[in-house]
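Engineer: What would the 3D arrangement of this be:
(chains A and B)
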Amino acid sequence: MTSDPFILQAMVLLPLLGAVGVVAASQFGVGLDFIRRLVIVNVLLTFVLSLCLVTGYDPLKTSANGQPELLQFRSETLWLGSPSNDVDPAMPKVVGPDIRISLGVDGISLWLIALTALLMIPSVLVSWNAIQERAATFYALMLVLEAGMIGVFASLDIILFYIFFEFTLIPLFFMIGLWGGYDRRWASRKFFIFTLAGSLLTFLGLIFIVLSHSWMLEAMTGRAAPLVFSIPHLIEHFPRLLADPQNAAYWANVSPWIFAALFAGFAIKVPLFPFHTWLPLAHVEAPTAGSVLLAGVLLKIGSYGFLRFAMSMVPGACWWALDFVAILCVIGIIYGALLALAQDDIKKLVAYSSVSHMGFCMLGLFAFNNIGVTGGMLTMINHGLSTGALFAIVGMLYERYHTREIDAFGGLATRFPIMAFCFILVSFSSIGLPGLNGFTGEVTALLGMFKTRPVYGILSLSGIIFGAWYMLQLVRNTMYGRLKEPITEGHGHSAIAVHGAADASHGHAVHPHGHAAPVFATHHTDLNLRELAALAPLLVLIVWIGVAPQFFISKMEPSIAQVVKVLEAARPANR
Amino acid sequence: MLETLIALLPASVLTVAALVCFLGGTTKLSKLVWGPFSLLSLALAAVALCALPQLLAGSPLPADGATTVVFDPLARIFQFLALIIGTMFAAMAFRQQADEESAPEFYGLLLTLIAGLMVVASANDLILLFLGLELISIPSYILIYLGKRDVRCQEAAVKYFLLSVLSAAVLLYGLSFLYGMTGSTNLTTIRGVLQQTYGVTNGVEQAASVSKLGIVALVLIFAGLGFKLAAVPFHFYAPDVYQGTNAWNAGLLSIIPKAAGLIALIRIVSHSMAGYEGFGQTVALILALVTMTAGNVLALLQTNVRRMLAYSGVAHAGYMLVGIAVGFWDSWNPSFRLDPFFGLPVGIQASLFYLMAYSIVSAGFFAVLVFLARPGKEVEHIEDLTGLWKSQPWLAIAAAIFLFSMAGIPPLPGFWGKLALFGGALSVRGDLSGAIPYPNPSFVALAIVGMLNAAIGGVYYLRIIALMFLHDPLSTPQPRGGRPAMAVVTLCAIVTIVFGLQSRPVFTLLRDVEQPDLVQVATTPSQVPLTAGK
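Structural biologist: Now for the predicted structure:
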């Protein structure tokens, strides 16, 4: 497999074309069936491309002069501004004095792009029957969202990154607001405004990084320096600039401010403890596909932002803020778990567990060593897989009963053995059972933190215990014990009659606890092929990462080592 | 003399056409001809504008700027913009004016107004500039009155008239100080005289302190033009007037006076009052801070669409003033010019870019409101737009594009505008003596407040979008705006997107708008500047 930049461009463009195709098809009055097929084909194609990306990425690739080449599949087109040739000969080639459409992946963004492409498959499949109204628009928005998410991770230009970053808000705003639950309008607005407010400050910080780079270059060379928006160029050149003591003094003074600005947006996106209030609302009210993507991918934009910008560009300030961030993570881990324990809505429980898990992820990243950052990265992927699967299963349950009350369910394992199996497996992954993915991620993240600041590692261990508590309690209450099912209302009798007949023919119409069961409950069948297909890839990966994480780690390792090298260089003497 | 007349040709075409309208209104000609006629005359003016460089080739404008008219990039770009806006508003009014008795007068007034903006864009003389501003003001009094004939509209017309006259008087008072100080009404001469007396030439300040008279002039000019810009605290008329009149008038008021005010401010203060950059920077900075914050916070509280747009217009004026403040700093520190290396215009150019972005988007959104209006029944409450997506999908999508651009969502033009403005503010330095000058704290504060303001703006724009898309319609609208208004909406939406995705040509265009070169002025005894105390 060659490192063809076309693959990455196609991954951004294909969903966009798909969205246009879906809207156009719906204008010609094509049926829902055709549209759904069009979408799933599109999503599968993008996924195949992402597989090409994963297999084609060579972490040990070196360029002609023997330098390691971590960024691959690169492409660059001039967009705004004019190319300047005013480049100092002493400095290596300036990548861009202006704004470019510049794409590429390294070992970090590679996995997040693959995760996005993968999670789109269950997202489409769980929406199959759930979305009937204005389905074409829904799928078009979903594809636009996919393009935005892939674009965020693939951008190598600050402006382009920000454009994709903001652009993910618009489709999700409409997805939550139009197809969400009861409180969907407020939820979508709160989500949009929280993220927008933070990201605007982040943007200011990003611009300031660009300006400072130019100023320091100018002070060093004595010549007017161009503004560089290229992310890899900035990361590569900051250490060189900071060798100059004047520059270092300047940078030490301004970088805490830059970190604060970056923190504003990314901490809301992750979300870290006091900024998490938008998350449960948005997750609970979003349609299932929206929840899967929001939890699975969009939260990772925040942690990715920390990794890509804060830790790579202002490492000194990261050390400065280590304790602050770590304390917020620990509070988030414990507080999120306690809140999850107190929920009576399954979806809310999963949403609060996200706050807890993302705390682990950030704790891993802020360990600033190879093992911790690797753990943080793995936790990002794992959380995407397990929380995505959990939201998908909750959505399937909701489709059957139109409720998500924990108390309304009980003993479902007897009714839906396959679903129960999936649910329990995913719960174990979320708890961090050894042999499944959650364990590898959280344990490596904590190991990293133990090296840097043991106290936060010890404190957050209690989060794992709480995590086991609320997840196991959820499993016990819903899947085991006496069969308890909510009475479904508002269903057309004809539909139920059909299902009843089908059930009767399959021979399990007899109810073990007839008195507790509602009259029309018999139509609830186990997972069908489509639902199984939605969960299967996630389950496979949950086991795969748990058993053999080396395949995943080996591709991200050199890129992580590069980030850690920058952080190590900036390590203050007294830390 | 001849070259001055030639340079004013495009505006003259419109003025003559306006006169034809006024005269033709007395004949028995069908009311339907005046719309196409005004479009035709706007097109003719555009042709004249395009041919102007050739026409001026024979008798060029003197290079030393000793004329009343200039034809520099600023004039060229914004005369075109005036014509484009005029065309849009003329087209928007087609259906509305089809059965109006006063159609010819209406179009005549519109043409006069556009001519006024063109005069402002090219004036190099205080008198001509003031004349241009009045050419905008006087027709708008009548247009507001013609718009709707109820009590609120009359209140709006009277309010606008009285306050506008007052602001014109304040502006004239300020201009008179400028004349008193320099003995000339020519902007080039004023710049030259002030530069020699108070300006920073080659890094050496000419005088220890600037004359107090200039400070008085600057404050009065800011106050007078602040009314046009609807900058706080001169904005009080805007919400009442926008709400009292119809959508078409409100749209016109939200663009033309703002453009005229901004250009006049640049011509008179930024480009001509050499030596007063430091003071002007402080005034513009405070005005920008207060204006954008007050505008956004008050817009948050509104439920009437036009009232909300009035406050949002106030907020956008605040953003434009950020660029003015940066521009002052830029020309105050000639040794440290903010380069256009940004790929984006900075300072004054950023303000002008923002003005263009705002004009297109604002015209588009008001065209949506015009399209939805019925005779005697305007879109009043923002809930009147509820569920627009169900009844008018394309209109709702276009409106959302305009609102997202106003909110500054990338990659729409509003985003590039804010990037240029606040990127410029961040690149302003504090103490220039150090090896790496640190950013200027007050401008950093301005940028942070500006970003928070953009977030507040997002809230109320998003509220309208949420109403349009997320709710079911309360009633079926019966839009009466007709195809022309719809065409304007479509055109604006397309321009917004194209402008957003490929804004490089506009940036390149605006990069030519620069501080005019200094001209050595022979100081005659009558032009010896007055200083305070004399």
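Engineer: Tell me where the stretch 251-400 of chain B is predicted with low confidence.
Structural biologist: Residues of the stretch 251-400 of chain B that meet the criterion pLDDT under 70 lie in B:333-345.
Engineer: repeat that for 50
Structural biologist: Low-confidence segments of the stretch 251-400 of chain B, defined by pLDDT under 50: B:340-342.
Engineer: In it, what residue spans correspond to helices?
Structural biologist: B:277-300, B:305-332, B:348-372, B:388-391, B:393-407 (DSSP state H, counting those that start in this stretch).
Engineer: now swap in the stretch 401-550 of chain A and tell me
Structural biologist: With DSSP H, counting those that start in this stretch, the ranges of helices along the stretch 401-550 of chain A come out as A:412-415, A:417-431, A:437-452, A:454-479, A:493-506, A:529-547, A:550-569.
Engineer: Looking at these, which one is packed in the most?
Structural biologist: helix A:437-452 (a mean of 24; mean count of other C-beta atoms under 10 Å in any protein chain shown). No exception for glycine: its C-beta is placed from N, CA and C like everyone else's.
Engineer: Determine the angle, from 0 to 180 degrees, between that one and helix A:550-569.
Structural biologist: Going by axes from the mean of the first three to the mean of the last three C-alpha atoms, to 10 degrees, helix A:437-452 is angled at 20 degrees with respect to helix A:550-569.
Engineer: other SSEs contacting helix A:437-452?
Structural biologist: Contacts defined by 3 or more C-beta pairs under 8 Å, 6 or more residues apart in numbering or on different chains; DSSP states H and E place helix A:437-452 against helix A:346-365, helix A:370-401, helix A:417-431, helix A:454-479, helix A:529-547.
Engineer: which stretch among the helices of the stretch 251-400 of chain B comes nearest chain A?
Structural biologist: Ranking the helices of the stretch 251-400 of chain B by proximity to chain A (C-beta to the nearest C-beta) places helix B:393-407 first, at 7.1 Å.
Engineer: For the very next helix or strand once past that closest one, buried residues please.
Structural biologist: For helix B:393-407, the succeeding helix or strand toward the C-terminus, using DSSP states H and E, is helix B:413-426. Buried residues in helix B:413-426, defined by neighbour count with 16 or more other C-beta atoms under 10 Å in any protein chain shown: B:413-426.
Engineer: Looking at the helices and strands packed on helix A:437-452, which is nearest to residue B:466?
Structural biologist: Taking C-beta to C-beta, helix A:346-365 is the member of the helices and strands packed on helix A:437-452 nearest to residue B:466, at 21.8 Å.
Engineer: what sits against residue 360?
Structural biologist: This is for chain A. Contacts for residue A:360 were tallied using C-beta atoms under 8 Å, 6 or more residues apart in numbering or on different chains; they are A:329, A:333, A:376, A:379, A:441, A:442, A:445, A:446, A:460, A:463.
Engineer: my bad, the chain I had in mind was chain B
Structural biologist: Here residue B:360 is in contact with B:413, B:492, B:495, B:496, B:499 (C-beta under 8 Å, 6+ apart).
Engineer: what's the spacing between the nearest residue to residue A:393 once chain neighbours are set aside and chain B?
Structural biologist: Leaving aside its sequence neighbours, residue A:393 sits nearest to residue A:423 (C-beta to C-beta, 6 or more residues apart in numbering or on different chains; 5.2 Å). Relative to chain B, residue A:423 is positioned 32 Å away (C-beta to the nearest C-beta, to the nearest Å).
Engineer: need the next SSE after the least confident helix or strand in chain B by mean pLDDT, C-terminal direction.
Structural biologist: Using mean pLDDT, DSSP states H and E, strand B:204-205 stands out as the lowest-scoring helix or strand of chain B, at a mean of 53. The first helix or strand that comes after strand B:204-205 along the chain, using DSSP H and E, is helix B:212-229.
Engineer: correct me, but residue A:386 touches residue A:438?
Structural biologist: Yes: Residue A:386 is within contact range of residue A:438, at 6.2 Å (criterion: C-beta atoms under 8 Å).
Engineer: intersection of neighbour lists for the two?
Structural biologist: A:429, A:430.
Engineer: Quick one: the helices in the stretch 101-250 of chain A, in order.
Structural biologist: With DSSP H, counting those that start in this stretch, the ranges of helices along the stretch 101-250 of chain A come out as A:107-130, A:135-154, A:158-167, A:169-179, A:184-221, A:231-242, A:245-269.
Engineer: now for the fifth one, which elements pack on it?
Structural biologist: Helix A:184-221 sits against helix A:158-167, helix A:169-179, helix A:231-242, helix A:245-269, helix A:278-285, helix B:413-426, helix B:441-470, with contacts defined as 3+ C-beta pairs under 8 Å, 6+ apart.
Engineer: angle of that helix against helix A:278-285?
Structural biologist: Taking the same axes, to 10 degrees, one finds that helix A:184-221 is oriented at 140 degrees with respect to helix A:278-285.
Engineer: before we move on, back to that, and of the buried residues of helix B:413-426, the nearest to residue A:528?
Structural biologist: Closest approach between the buried residues of helix B:413-426 and residue A:528, by C-beta to C-beta: residue B:415, at 44.8 Å.
Engineer: residues near the nearest residue to residue A:484 once chain neighbours are set aside, how many?
Structural biologist: Closest residue in space to residue A:484, ignoring its immediate chain neighbours: residue A:410 at 3.2 Å, by C-beta to C-beta, 6+ apart. A count of neighbours around residue A:410, defined by other C-beta atoms under 10 Å in any protein chain shown, yields 20.
Engineer: Repeat that for residue B:221.
Structural biologist: Neighbours of residue B:221 under the rule other C-beta under 10 Å: 25.
Engineer: That one contacts residue B:269, correct?
Structural biologist: Yes: using C-beta under 8 Å, residue B:221 is in contact with residue B:269, at 5.9 Å.
Engineer: what stretches of chain B score poorly on pLDDT?
Structural biologist: If you take pLDDT under 50 as the line, chain B has these spans: B:202-203, B:340-342, B:522-534.
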